[in-house]
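K.L.:
using only what follows, build the 3D model:
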Amino acid sequence: MNASASHNPWRLTVAPMLDWTDRHCRYFHRQLSRHARLYTEMVTTGALVHGDQSRHLDFCAEEHPVALQLGGSEPADLATSAKLAQRWGYAEINLNCGCPSERVQRGAFGACLMAEAALVRDGVAAMRDAIGHALPVTVKHRIGIDRTESYAFVRDFVGTVAEGGCSVFIVHARNAWLQGLSPKDNREIPPLRYELVYQLKREFPGLTIVLNGGVKSDADVRQHLAHVDGVMIGREAYQRPWWLASWDAEHFGAGLTQDTPESVEDRMLSYARSMAAQGTPAFAITRHMLNLWKGAPGARLWRQVLSDPALRKLEPADLFRRATQARQAALLTLAG
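P.N.:
Numbers count the residues shown, from 1 in each chain. Model (predicted):
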């Protein structure tokens, strides 16, 4: 791996995932990989223009590099939101043009924006005008919408949006079906067509093209990196978080980690204590950690303690101690 590749900010990233990649999830993931770029859940421009900005934007400095994903289509609101992202210290602004949910469609953003490439271009240009080149403005999108399977559709979308000043495109290699499929089904039923993403990179060699969708192993990552600039991983990163602990050495040229699940758990306990002092319950943090020991002896009992509703009022130290005791008891049973 050459130095420029290892320092590519989009070489390996964790996808924005609604209800999952909140600030506590990102803090946890950062304990596992120092180099992977992390993304917020999608935040609508309306929530930022009219709502509680701190609630939606606050994060810990330890999460960096972290990007803010926006949902919206009005150029003026996107410009205002971009300025807020800059003020809060995010490393990137990402515009969501890939979410297929009906709720998002009613707001006239998400995947339906792929049918309005000129509007997306204008939104990107408005954000660029608002913040200059202080931080990257990127777009996450699908390869098509509904049953449109023509490469020309996604090619023209990328070409048009690039005119607004976007040079980084994160491409989920599935179509988004705007009618008839749930968001979950939209992540699984439309077929993956990686070749179209590879073709985008060949046709737009000056753009950064990042592939998303169905990536589950280091072998998958290496295969895609032979064709594109970066890989974004979603649910597999959340459901198998210890995989992230190998990323820095495997894909960024860093040394092998000295961390263990125990050391990560210790740091998360310290974090949970600090957040408890601010009124955040431990469950808001531990719900993202439930798969830390996945596949290890005692993992099921450890997970059960951390997710037990009857224990949610415990102090973080007590909750973590009980979980560790349950896991260790299972180990003793196996040893006996």
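K.L.:
mind listing what Ala245 touches?
P.N.:
32-33, 257, 259, 264 (Cβ atoms under 8 Å, 6 or more residues apart in numbering). Just so you know, the C-beta spots here come from the backbone N, C-alpha and C atoms, and that holds for glycine as well.
K.L.:
now with 6 Å?
P.N.:
32, 257, 259 (Cβ atoms under 6 Å, 6 or more residues apart in numbering).
K.L.:
run a quick neighbour tally on Thr257.
P.N.:
Counted with other Cβ atoms under 10 Å, residues neighbouring Thr257 total 17.
K.L.:
i'd like the first residue to be 2 from this point on
P.N.:
Will do, 2 is the new start, and the previous item becomes Thr258.
K.L.:
so what's it closest to, chain neighbours aside?
P.N.:
The shortest distance from Thr258 to any non-neighbouring residue, by Cβ to Cβ, 6 or more residues apart in numbering, is to Ala246 (5.2 Å).
K.L.:
roughly how far does that neighbour sit from Phe29?
P.N.:
12 Å (Cβ to Cβ, to the nearest Å).
K.L.:
any buried residues in stretch 244-263, and which?
P.N.:
244-246, 248-249, 251-253, 258, 262 (16 or more other Cβ atoms under 10 Å).
K.L.:
how about those residues in TSV, adding secondary structure, distance to Leu120 and pLDDT?
P.N.:
What follows is the buried residues of stretch 244-263, written out as TSV (DSSP: H, G, I helix; E, B strand; the rest coil; distance: Cβ to Cβ, whole Å; pLDDT from 0 to 100):
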residue	secondary structure	distance to Leu120	pLDDT
Trp244	helix	37	98
Leu245	helix	36	98
Ala246	helix	41	97
Trp248	helix	36	97
Asp249	helix	38	96
Glu251	helix	39	95
His252	helix	35	95
Phe253	coil	36	94
Thr258	coil	44	87
Pro262	helix	46	96
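K.L.:
okay if I get those as JSON lines plus distance to Asp147?
P.N.:
Shown next, in JSON lines, are these (distance: Cβ to Cβ, whole Å):
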{"residue": "Trp244", "distance to Asp147": "33"}
{"residue": "Leu245", "distance to Asp147": "34"}
{"residue": "Ala246", "distance to Asp147": "39"}
{"residue": "Trp248", "distance to Asp147": "35"}
{"residue": "Asp249", "distance to Asp147": "39"}
{"residue": "Glu251", "distance to Asp147": "37"}
{"residue": "His252", "distance to Asp147": "34"}
{"residue": "Phe253", "distance to Asp147": "38"}
{"residue": "Thr258", "distance to Asp147": "43"}
{"residue": "Pro262", "distance to Asp147": "43"}
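K.L.:
how about the strands of the stretch 102-251 of the chain, start to end?
P.N.:
138-146, 169-177, 209-213, 231-234 (DSSP state E, counting those that start in this stretch).
K.L.:
out of those, nearest to Asn9?
P.N.:
Asn9 sits nearest to strand 231-234 of all these, at 6.3 Å, using Cβ to Cβ.
K.L.:
for that closest one, which positions count as buried?
P.N.:
231-234.
K.L.:
tell me the pLDDT of the residue nearest to Ile190 when sequence neighbours are not counted.
P.N.:
Computed as Cβ to Cβ, 6+ apart, the closest residue to Ile190 that is not its neighbour in sequence is Leu182, at 6.0 Å. Listed pLDDT for Leu182 reads 71.
K.L.:
so what's Asp267 up against?
P.N.:
Per Cβ under 6 Å, 6+ apart, neighbours of Asp267: none.
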